[in-house]
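S.K.: build me a structure from this.
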Amino acid sequence: MTRFLSSRTAPVVFIVLSASLFGVGTPLAKILVDDIDPVVLAGLLYVGAFVGLSIYAGLARVSRGDRTRSASLGRKDAPWLTGATISGGIVAPICLMTGLTLTTGFAASLLLNLEGLVTALIAYAFFKENLGWRLGIAVVCMTAAGVILSWDPGSGAISVGGPLLMLAAGIAWGVDNNLTRHISCKSPVQIAQVKGAVAGTVSLSIAVLLGLNVPADRSLILALVLGSICYGASLALFVQALQGMGASRAGMFFSIGPFVGAIVSIVLLDEWLGWMMLPAAGLMLVGVVVIVYERHSHIHGHEGITHAHLHSNDEPSHDHGHPAPVNGQHVHEHTHHPESHDHVHWPDIHHRHDHEKGDD
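M.R.: Numbers count the residues shown, from 1 in each chain. From the prediction side, this is the model:
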(Lines give C-alpha, C1' and ligand atoms only; values in the text may rest on other atoms or scores of the structure.)
Protein backbone atom coordinates (compact mmCIF):
# COMPACT_ATOMS: atom_id res chain seq x y z
CA MET A 1 0.00 0.00 0.00
CA THR A 2 2.81 2.42 0.87
CA ARG A 3 4.03 2.51 -2.73
CA PHE A 4 0.82 4.36 -3.72
CA LEU A 5 0.95 6.92 -0.88
CA SER A 6 3.24 9.84 -0.10
CA SER A 7 5.51 9.79 2.95
CA ARG A 8 3.12 12.21 4.72
CA THR A 9 -0.16 10.65 3.61
CA ALA A 10 0.74 7.03 4.37
CA PRO A 11 1.00 7.43 8.19
CA VAL A 12 -2.43 9.09 8.30
CA VAL A 13 -3.99 6.23 6.31
CA PHE A 14 -2.31 3.66 8.55
CA ILE A 15 -3.43 5.33 11.78
CA VAL A 16 -7.04 5.76 10.61
CA LEU A 17 -7.25 2.08 9.64
CA SER A 18 -5.57 1.04 12.89
CA ALA A 19 -7.85 3.20 15.02
CA SER A 20 -11.00 2.05 13.23
CA LEU A 21 -10.17 -1.63 13.69
CA PHE A 22 -9.38 -1.12 17.36
CA GLY A 23 -12.49 0.98 17.87
CA VAL A 24 -14.76 -1.74 16.50
CA GLY A 25 -13.08 -4.21 18.86
CA THR A 26 -14.30 -2.53 22.06
CA PRO A 27 -18.09 -3.06 21.67
CA LEU A 28 -17.46 -6.54 20.25
CA ALA A 29 -15.33 -7.38 23.29
CA LYS A 30 -18.16 -6.02 25.46
CA ILE A 31 -20.36 -8.79 24.06
CA LEU A 32 -17.75 -11.50 24.63
CA VAL A 33 -16.86 -10.41 28.17
CA ASP A 34 -20.33 -11.51 29.27
CA ASP A 35 -19.27 -15.13 28.60
CA ILE A 36 -15.49 -15.00 29.09
CA ASP A 37 -13.58 -13.80 32.16
CA PRO A 38 -11.79 -10.47 31.45
CA VAL A 39 -8.30 -11.87 32.07
CA VAL A 40 -9.00 -14.88 29.85
CA LEU A 41 -10.45 -12.67 27.11
CA ALA A 42 -7.42 -10.36 27.21
CA GLY A 43 -5.15 -13.38 26.71
CA LEU A 44 -7.23 -14.86 23.89
CA LEU A 45 -7.33 -11.56 22.01
CA TYR A 46 -3.55 -11.35 21.94
CA VAL A 47 -3.11 -15.01 21.09
CA GLY A 48 -5.50 -14.35 18.21
CA ALA A 49 -3.37 -11.38 17.17
CA PHE A 50 -0.29 -13.61 17.06
CA VAL A 51 -2.02 -16.37 15.10
CA GLY A 52 -3.55 -13.99 12.56
CA LEU A 53 -0.30 -12.12 11.94
CA SER A 54 1.67 -15.36 11.69
CA ILE A 55 -0.65 -16.59 8.95
CA TYR A 56 -0.31 -13.25 7.16
CA ALA A 57 3.48 -13.25 7.49
CA GLY A 58 3.68 -16.77 6.10
CA LEU A 59 1.53 -15.94 3.09
CA ALA A 60 3.45 -12.71 2.46
CA ARG A 61 6.78 -14.56 2.62
CA VAL A 62 5.59 -17.05 0.01
CA SER A 63 4.23 -14.36 -2.31
CA ARG A 64 7.36 -12.19 -2.32
CA GLY A 65 10.01 -14.92 -2.12
CA ASP A 66 13.18 -13.93 -0.25
CA ARG A 67 12.74 -10.16 -0.55
CA THR A 68 12.80 -8.42 2.83
CA ARG A 69 10.20 -5.71 3.26
CA SER A 70 11.12 -4.55 6.78
CA ALA A 71 14.11 -4.39 9.08
CA SER A 72 14.08 -7.20 11.66
CA LEU A 73 14.20 -6.79 15.42
CA GLY A 74 17.61 -7.01 17.08
CA ARG A 75 18.95 -7.62 20.59
CA LYS A 76 19.17 -3.89 21.34
CA ASP A 77 15.41 -3.62 20.75
CA ALA A 78 14.60 -6.06 23.57
CA PRO A 79 14.25 -3.53 26.44
CA TRP A 80 11.83 -1.34 24.49
CA LEU A 81 9.82 -4.34 23.28
CA THR A 82 9.68 -5.92 26.74
CA GLY A 83 8.34 -2.76 28.36
CA ALA A 84 5.83 -2.23 25.56
CA THR A 85 4.59 -5.82 25.81
CA ILE A 86 4.10 -5.69 29.57
CA SER A 87 2.32 -2.33 29.56
CA GLY A 88 0.35 -2.56 26.33
CA GLY A 89 -0.05 -6.30 25.90
CA ILE A 90 -0.78 -7.43 29.46
CA VAL A 91 -1.75 -4.56 31.80
CA ALA A 92 -3.82 -2.44 29.37
CA PRO A 93 -6.08 -5.16 27.89
CA ILE A 94 -6.79 -6.70 31.31
CA CYS A 95 -7.81 -3.23 32.59
CA LEU A 96 -9.96 -2.67 29.50
CA MET A 97 -11.73 -6.03 29.65
CA THR A 98 -12.38 -5.65 33.39
CA GLY A 99 -13.60 -2.09 32.87
CA LEU A 100 -16.06 -3.30 30.22
CA THR A 101 -17.86 -5.26 32.94
CA LEU A 102 -18.46 -2.02 34.86
CA THR A 103 -19.45 0.43 32.12
CA THR A 104 -21.24 0.61 28.79
CA GLY A 105 -19.51 -0.10 25.50
CA PHE A 106 -20.26 3.48 24.40
CA ALA A 107 -18.69 5.11 27.45
CA ALA A 108 -15.73 2.72 27.36
CA SER A 109 -15.12 3.50 23.70
CA LEU A 110 -15.04 7.26 24.19
CA LEU A 111 -13.00 7.00 27.40
CA LEU A 112 -10.30 5.21 25.41
CA ASN A 113 -9.60 8.61 23.86
CA LEU A 114 -7.57 9.16 27.02
CA GLU A 115 -4.94 6.86 25.49
CA GLY A 116 -4.12 9.49 22.89
CA LEU A 117 -3.99 12.19 25.55
CA VAL A 118 -1.66 10.17 27.79
CA THR A 119 0.51 9.19 24.82
CA ALA A 120 1.00 12.83 23.87
CA LEU A 121 1.79 13.92 27.43
CA ILE A 122 4.34 11.14 27.95
CA ALA A 123 5.94 11.91 24.58
CA TYR A 124 6.24 15.55 25.60
CA ALA A 125 7.43 15.01 29.18
CA PHE A 126 9.90 12.16 28.67
CA PHE A 127 10.80 12.05 24.97
CA LYS A 128 10.78 15.78 24.18
CA GLU A 129 8.23 15.69 21.35
CA ASN A 130 6.90 19.19 20.70
CA LEU A 131 3.34 19.99 21.83
CA GLY A 132 1.91 23.10 20.18
CA TRP A 133 -1.09 25.08 21.36
CA ARG A 134 -3.43 22.86 19.36
CA LEU A 135 -2.44 19.85 21.41
CA GLY A 136 -3.12 21.91 24.51
CA ILE A 137 -6.68 22.51 23.34
CA ALA A 138 -7.06 18.79 22.60
CA VAL A 139 -5.90 17.94 26.13
CA VAL A 140 -8.49 20.25 27.71
CA CYS A 141 -11.35 18.99 25.49
CA MET A 142 -10.64 15.32 26.04
CA THR A 143 -10.18 15.71 29.78
CA ALA A 144 -13.54 17.49 30.05
CA ALA A 145 -15.19 14.79 27.94
CA GLY A 146 -13.73 12.11 30.21
CA VAL A 147 -15.30 13.77 33.26
CA ILE A 148 -18.68 14.00 31.53
CA LEU A 149 -18.58 10.34 30.55
CA SER A 150 -17.82 9.41 34.16
CA TRP A 151 -21.03 11.09 35.35
CA ASP A 152 -23.87 8.77 36.30
CA PRO A 153 -27.18 10.63 35.62
CA GLY A 154 -29.11 8.10 37.71
CA SER A 155 -27.24 8.70 40.96
CA GLY A 156 -26.04 12.21 40.21
CA ALA A 157 -22.48 11.24 41.07
CA ILE A 158 -19.21 10.36 39.38
CA SER A 159 -18.93 6.65 38.58
CA VAL A 160 -15.29 5.80 39.27
CA GLY A 161 -14.89 2.04 38.78
CA GLY A 162 -15.17 1.65 35.01
CA PRO A 163 -13.67 5.06 34.10
CA LEU A 164 -10.66 4.51 36.36
CA LEU A 165 -9.96 1.18 34.69
CA MET A 166 -10.29 2.86 31.28
CA LEU A 167 -7.83 5.51 32.45
CA ALA A 168 -5.44 2.80 33.65
CA ALA A 169 -5.71 1.10 30.25
CA GLY A 170 -5.05 4.44 28.52
CA ILE A 171 -1.96 5.09 30.66
CA ALA A 172 -0.61 1.59 30.01
CA TRP A 173 -1.17 1.92 26.24
CA GLY A 174 0.33 5.42 26.35
CA VAL A 175 3.52 3.95 27.84
CA ASP A 176 3.39 1.17 25.24
CA ASN A 177 3.07 3.64 22.36
CA ASN A 178 6.05 5.68 23.48
CA LEU A 179 8.25 2.65 24.02
CA THR A 180 7.26 1.15 20.68
CA ARG A 181 8.15 4.49 19.07
CA HIS A 182 11.83 3.63 19.60
CA ILE A 183 11.59 0.46 17.51
CA SER A 184 8.99 1.61 15.00
CA CYS A 185 11.49 1.45 12.13
CA LYS A 186 11.56 -2.33 12.53
CA SER A 187 9.07 -4.85 11.10
CA PRO A 188 5.55 -3.89 12.31
CA VAL A 189 4.31 -7.45 11.84
CA GLN A 190 7.22 -8.90 13.79
CA ILE A 191 6.71 -6.44 16.65
CA ALA A 192 3.00 -7.25 16.80
CA GLN A 193 3.71 -10.99 16.64
CA VAL A 194 6.07 -10.86 19.61
CA LYS A 195 3.63 -8.74 21.61
CA GLY A 196 0.77 -11.07 20.80
CA ALA A 197 2.64 -14.28 21.61
CA VAL A 198 4.16 -13.08 24.89
CA ALA A 199 1.18 -11.07 26.14
CA GLY A 200 -1.34 -13.77 25.24
CA THR A 201 0.71 -16.52 26.91
CA VAL A 202 1.28 -14.50 30.10
CA SER A 203 -2.37 -13.43 30.45
CA LEU A 204 -3.66 -16.97 29.90
CA SER A 205 -1.09 -18.31 32.36
CA ILE A 206 -2.31 -15.83 34.97
CA ALA A 207 -5.89 -16.94 34.27
CA VAL A 208 -5.00 -20.60 34.75
CA LEU A 209 -3.13 -19.86 38.01
CA LEU A 210 -6.21 -17.99 39.24
CA GLY A 211 -8.39 -20.99 38.38
CA LEU A 212 -10.37 -19.15 35.73
CA ASN A 213 -12.19 -21.10 33.05
CA VAL A 214 -10.90 -20.97 29.47
CA PRO A 215 -13.87 -21.66 27.13
CA ALA A 216 -13.78 -24.48 24.60
CA ASP A 217 -16.78 -23.43 22.54
CA ARG A 218 -17.70 -20.90 19.86
CA SER A 219 -16.72 -17.95 22.07
CA LEU A 220 -13.10 -19.15 21.95
CA ILE A 221 -13.06 -18.95 18.15
CA LEU A 222 -14.78 -15.57 18.15
CA ALA A 223 -12.22 -14.17 20.61
CA LEU A 224 -9.30 -15.40 18.49
CA VAL A 225 -10.79 -13.95 15.28
CA LEU A 226 -11.52 -10.63 17.03
CA GLY A 227 -7.95 -10.53 18.33
CA SER A 228 -6.41 -11.26 14.95
CA ILE A 229 -8.26 -8.39 13.24
CA CYS A 230 -8.92 -5.71 15.85
CA TYR A 231 -5.68 -6.15 17.79
CA GLY A 232 -3.16 -7.87 15.50
CA ALA A 233 -3.82 -5.97 12.27
CA SER A 234 -4.50 -2.75 14.20
CA LEU A 235 -1.19 -3.01 16.08
CA ALA A 236 0.84 -3.66 12.93
CA LEU A 237 -0.71 -0.62 11.23
CA PHE A 238 -0.14 1.50 14.32
CA VAL A 239 3.59 0.69 14.36
CA GLN A 240 3.84 1.78 10.73
CA ALA A 241 2.12 5.04 11.60
CA LEU A 242 4.51 5.59 14.51
CA GLN A 243 7.44 5.52 12.11
CA GLY A 244 5.96 8.33 10.06
CA MET A 245 4.43 10.69 12.65
CA GLY A 246 5.82 9.99 16.12
CA ALA A 247 4.05 8.91 19.31
CA SER A 248 2.18 12.09 20.24
CA ARG A 249 0.60 12.62 16.81
CA ALA A 250 -0.16 8.93 16.33
CA GLY A 251 -1.79 8.83 19.76
CA MET A 252 -3.99 11.82 19.03
CA PHE A 253 -4.97 10.62 15.54
CA PHE A 254 -5.82 7.28 17.16
CA SER A 255 -8.64 9.10 18.92
CA ILE A 256 -10.67 8.53 15.75
CA GLY A 257 -11.07 4.89 16.81
CA PRO A 258 -13.17 5.46 19.93
CA PHE A 259 -15.75 7.34 17.86
CA VAL A 260 -16.05 4.31 15.60
CA GLY A 261 -16.49 2.15 18.69
CA ALA A 262 -19.10 4.51 20.12
CA ILE A 263 -21.16 4.42 16.92
CA VAL A 264 -20.95 0.62 16.77
CA SER A 265 -22.01 0.46 20.44
CA ILE A 266 -25.15 2.48 19.73
CA VAL A 267 -26.05 0.31 16.73
CA LEU A 268 -24.96 -3.10 17.99
CA LEU A 269 -25.55 -2.83 21.74
CA ASP A 270 -28.53 -0.44 21.55
CA GLU A 271 -26.88 1.88 24.08
CA TRP A 272 -28.02 5.43 24.65
CA LEU A 273 -26.74 7.51 27.56
CA GLY A 274 -29.05 10.47 27.14
CA TRP A 275 -28.10 14.06 26.44
CA MET A 276 -24.71 13.82 28.20
CA MET A 277 -23.26 11.73 25.41
CA LEU A 278 -23.65 14.65 22.99
CA PRO A 279 -21.33 17.20 24.67
CA ALA A 280 -18.86 14.42 25.48
CA ALA A 281 -18.72 13.27 21.86
CA GLY A 282 -18.54 16.90 20.70
CA LEU A 283 -15.57 17.70 22.95
CA MET A 284 -13.77 14.56 21.81
CA LEU A 285 -14.40 15.51 18.19
CA VAL A 286 -13.02 19.02 18.70
CA GLY A 287 -9.88 17.56 20.24
CA VAL A 288 -9.32 15.26 17.27
CA VAL A 289 -10.03 17.92 14.62
CA VAL A 290 -7.68 20.42 16.26
CA ILE A 291 -4.74 18.02 16.18
CA VAL A 292 -5.47 16.81 12.65
CA TYR A 293 -4.89 20.36 11.39
CA GLU A 294 -1.66 20.89 13.34
CA ARG A 295 1.33 22.16 11.34
CA HIS A 296 4.82 22.12 12.87
CA SER A 297 7.76 23.84 11.19
CA HIS A 298 11.06 25.39 12.29
CA ILE A 299 14.77 25.30 11.48
CA HIS A 300 16.11 22.03 12.84
CA GLY A 301 19.27 19.99 12.57
CA HIS A 302 19.75 16.30 11.79
CA GLU A 303 22.65 14.48 13.42
CA GLY A 304 24.48 11.85 11.40
CA ILE A 305 22.88 8.43 11.88
CA THR A 306 23.17 4.94 10.40
CA HIS A 307 20.15 2.66 10.58
CA ALA A 308 17.95 0.31 8.57
CA HIS A 309 14.25 0.67 7.76
CA LEU A 310 11.79 0.49 4.87
CA HIS A 311 12.21 3.51 2.56
CA SER A 312 12.33 4.66 -1.05
CA ASN A 313 14.83 6.96 -2.73
CA ASP A 314 12.24 9.61 -3.61
CA GLU A 315 11.62 10.33 0.08
CA PRO A 316 13.39 13.28 1.77
CA SER A 317 16.84 12.37 3.11
CA HIS A 318 16.93 9.04 1.24
CA ASP A 319 18.49 10.07 -2.04
CA HIS A 320 21.54 7.82 -1.84
CA GLY A 321 23.37 5.40 -4.08
CA HIS A 322 23.17 1.60 -4.20
CA PRO A 323 25.55 -1.10 -5.42
CA ALA A 324 22.83 -2.16 -7.87
CA PRO A 325 19.78 -0.29 -9.25
CA VAL A 326 16.88 -0.27 -6.78
CA ASN A 327 13.31 0.80 -7.52
CA GLY A 328 10.48 1.34 -5.08
CA GLN A 329 10.58 0.62 -1.36
CA HIS A 330 13.41 -1.44 0.05
CA VAL A 331 15.33 -2.14 3.26
CA HIS A 332 19.05 -1.82 3.92
CA GLU A 333 21.42 -0.10 6.33
CA HIS A 334 22.08 3.45 5.19
CA THR A 335 23.63 6.64 6.55
CA HIS A 336 22.10 10.10 6.94
CA HIS A 337 24.65 12.91 6.95
CA PRO A 338 24.28 15.93 9.27
CA GLU A 339 22.19 18.79 7.87
CA SER A 340 20.01 21.71 8.93
CA HIS A 341 16.86 22.93 7.17
CA ASP A 342 13.29 24.14 7.66
CA HIS A 343 10.13 22.33 6.54
CA VAL A 344 6.80 21.08 7.88
CA HIS A 345 7.43 17.83 9.76
CA TRP A 346 6.22 15.46 12.43
CA PRO A 347 8.40 13.81 15.10
CA ASP A 348 8.98 10.76 12.90
CA ILE A 349 12.10 8.54 13.04
CA HIS A 350 14.13 11.29 11.33
CA HIS A 351 12.82 14.24 13.39
CA ARG A 352 13.28 13.30 17.05
CA HIS A 353 15.04 16.44 18.15
CA ASP A 354 14.78 18.89 21.03
CA HIS A 355 12.83 22.14 20.59
CA GLU A 356 13.66 25.62 21.72
CA LYS A 357 10.94 27.65 23.42
CA GLY A 358 8.89 29.37 20.74
CA ASP A 359 9.25 26.70 18.06
CA ASP A 360 5.89 26.42 16.28
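
S.K.: now residue 112: phi and psi?
M.R.: Residue 112 has phi and psi values of phi -70, psi -10 when expressed as degrees, to the nearest 10.

S.K.: kindly apply the preceding question to residue 186 instead.
M.R.: According to degrees, to the nearest 10, residue 186 has phi -90, psi 180.

S.K.: now swap in residue 211 and tell me
M.R.: Note on residue 211: its backbone torsions stand at phi 80, psi 20 [degrees, to the nearest 10].

S.K.: domain assignment for the chain?
M.R.: As recorded under automatic domain parsing, the domains making up the chain are 2-298, 300-344.

S.K.: contact partners of stretch 195-210?
M.R.: In this structure, residues lying in contact with stretch 195-210 by CB atoms under 8 Å, 6 or more residues apart in numbering are 37, 39-40, 42-51, 53, 81, 84-85, 88-90, 93-94, 214, 227, 231-232, 235. For glycine as for every other residue, the C-beta is placed from the backbone atoms N, C-alpha and C.

S.K.: about what we covered before: buried deepest among the domains of the chain, which one?
M.R.: Across those, averaging neighbours per residue (mean count of other CB atoms under 10 Å) puts domain 2-298 on top, at a mean of 20.

S.K.: hang on, the earlier thing: the contacts of stretch 195-210 in helices, which ones?
M.R.: Secondary structure assignment by DSSP state H places 39-40, 42-51, 53, 81, 84, 93-94, 235 of those in helices.

S.K.: right, and the helix or strand after the lowest-mean-pLDDT helix or strand in the chain?
M.R.: Across the helices and strands of the chain, mean pLDDT, DSSP states H and E gives its lowest value to strand 157-158, namely a mean of 48. Once the chain leaves strand 157-158, the next helix or strand it forms, by DSSP states H and E, is helix 161-180.

S.K.: what packs against that next one?
M.R.: Applying 3 or more CB pairs under 8 Å, 6 or more residues apart in numbering; DSSP states H and E, one finds that helix 161-180 makes contact with helix 78-84, helix 92-100, helix 105-111, helix 114-127, helix 133-149, helix 234-253.

S.K.: next, the angle from the fourth one to helix 92-100.
M.R.: Okay, so that is helix 114-127. Interaxial angle of helix 114-127 relative to helix 92-100 (axes from the mean of the first three to the mean of the last three CA atoms, to 10 degrees): 140 degrees.

S.K.: what angle separates helix 114-127 from helix 133-149?
M.R.: Using the same axes, to 10 degrees: helix 114-127 against helix 133-149 is 140 degrees.

S.K.: could you shift the numbering so residue one becomes 38, and keep it that way?
M.R.: Done: numbering now begins at 38, and the last item shifts to helix 151-164.

S.K.: sorry, back to before: the helices and strands packed on helix 198-217: which one's closest to residue 57?
M.R.: helix 271-290 (8.3 Å; CB to CB).

S.K.: next helix or strand past the closest one?
M.R.: Next along the chain from helix 271-290, counting by DSSP H and E, comes helix 293-306.
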